[in-house]
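Student: Need the 3D shape of this:
(one chain, ligands or ions: 1)
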Amino acid sequence: MSIAHGIKRLGVLGAGQMGTGIAFVSALHAKVPVLLHDKSAHQISKGLSLIDKLLAKDVSKGRLQASDAADARARIQTADSVEAMRDVDMVVEAVSENLDLKRAIFREFAAKIRPDAILATNTSSISITKIAGAVIPEGEPAAGEVAKAVSGRVVGLHFFNPVPVMKLVELISAVQTSQDTLNRSRAFAEACGKEVATSQDVPGFVSNALLMPFINEAIMCLEKGVATRDDIDKTFRLGMAHPMGPLQLADFIGLDTCLSIQQTLYKGTSDSKYRPSVLLERMVDAQYLGKKSGRGFYEYNN
Ligand SMILES: NC(=O)c1ccc[n+]([C@@H]2O[C@H](COP(=O)([O-])OP(=O)(O)OC[C@H]3O[C@@H](n4cnc5c(N)ncnc54)[C@H](O)[C@@H]3O)[C@@H](O)[C@H]2O)c1
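Tutor: From the prediction side, this is the model:
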């Protein structure tokens, strides 16, 4: 028997590439009303206009009825603070890949959002257990009932980019996550039209423990002059049937996100094989963040 996710209202924090996509599939496929918040009004309006474009494209290609697109769009509202999301049954955090930022946000979630809501993170690499540790009120013993109740609601729900297209969600349990949180989160991902794979809470989980060292090595090849950008990407497109080469993929993920993930692997394992490429660091220093900033290893219009 399938388990009900019980999500009647969803909050999404962060209206970047991922948060926008998560709001889109939740409203369209899971048919759940969504409140979307970002600290940047510009990101919110960019995100909403991308959602409008995606819905219009689905209608023009005959994949979606205009009335269903209008219903999905009407389900997405914006919120001007975390406080305004207090009544949601689940919140998915999709802000920048930074442990301290995520811990502060989860502390705020625990304080402001209703006490039975699922608190999910879309992190690509950061320990869910570390994030769950942040929600325990000061002075409460970690193994006590209060701590168990709140940290049991934290879970890793890792959507892939671009969210409307990629079929997978990686489900990651913190040490503290309750079985009910895991079951309902899985059911919600499935309602969004996704397949679920589970991973242990290791740095990068399965997906980025394997993908990001590959991308980092490709950047090191470029750095050392082993091959040109175009030849590195061509090798994987035409030689290994990858839809895009590793440098183009890095641009699509966001070079800041790639660097943060690689740093998490490096620090989380203390293994020098994960040392981030210096070129990757310099690209991020220069704010050449890939497709989202108009320039990375390639240049992008819009
Ligand atoms: N890009 C990918 O391919 C990918 C894939 C899977 C998971 N992720 C993960 O998803 C998360 C978001 O990644 P993204 O690619 O969407 O990044 P992004 O840079 O496109 O968006 C991040 C958003 O977070 C907002 N933000 C930052 N601090 C905030 C705060 N305190 N309050 C509210 N909003 C805040 C920013 O304004 C921005 O809009 C990261 O944890 C990343 O690791 C990314």
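Student: List the contacts of whatever residue of the stretch 201-302 of the chain ends up closest to the ligand.
Tutor: Across the stretch 201-302 of the chain, the shortest distance to the ligand (C-beta to the nearest ligand atom) belongs to residue 253, at 3.8 Å. The way it works is simple: take the backbone N, C-alpha and C, and place the C-beta from them, glycine included. Contact partners of residue 253, counting by C-beta atoms under 8 Å, 6 or more residues apart in numbering, are 161, 215, 290.
Student: Return the member of these nearest to residue 61.
Tutor: Distances from residue 61 to the contacts of residue 253, taken as C-beta to C-beta, are shortest for residue 161 (21.0 Å).
Student: What number of residues are in the vicinity of the residue lying closest to residue 245 once chain neighbours are set aside?
Tutor: Of all residues not flanking residue 245 in the chain, residue 233 sits nearest, at 2.4 Å (C-beta to C-beta, 6 or more residues apart in numbering). Residue 233: 22 surrounding residues under other C-beta atoms under 10 Å.
Student: Double-check that residue 233 belongs to a helix.
Tutor: Yes. Counting by DSSP: H, G, I helix; E, B strand; the rest coil, residue 233 falls inside a helix.
Student: The chain against the ligand: which residues are in contact?
Tutor: Within the chain, the positions near the ligand by C-beta under 6 Å from any ligand atom are 13-19, 38-40, 43, 94-97, 101, 122-124, 158, 160-161, 253-254, 257, 292.
Student: Among these, which ones are in helices?
Tutor: Judged by DSSP state H, those include 17-19, 43, 101, 253, 257 as members of helices.
Student: what residue ranges in the chain score low on pLDDT?
Tutor: The chain contains residues with pLDDT under 70 at 1-2, 302.
Student: Helices of that one, start to end?
Tutor: For the chain, the helices defined by DSSP H cover 17-28, 41-60, 66-74, 99-112, 128-133, 145-151, 179-191, 205-224, 229-239, 246-253, 255-269, 278-285.
Student: Go through the ones you listed and name the closest to residue 84.
Tutor: helix 99-112 (9.3 Å).
Student: buried stuff in that closest one?
Tutor: Of the residues in helix 99-112, 99, 102-103, 105-110 count as buried by neighbour count, 16 or more other C-beta atoms under 10 Å.
Student: what's the answer for stretch 20-39, then?
Tutor: Neighbour counts over stretch 20-39 (16+ other C-beta under 10 Å) mark 20-28, 30, 32, 34-38 as buried.
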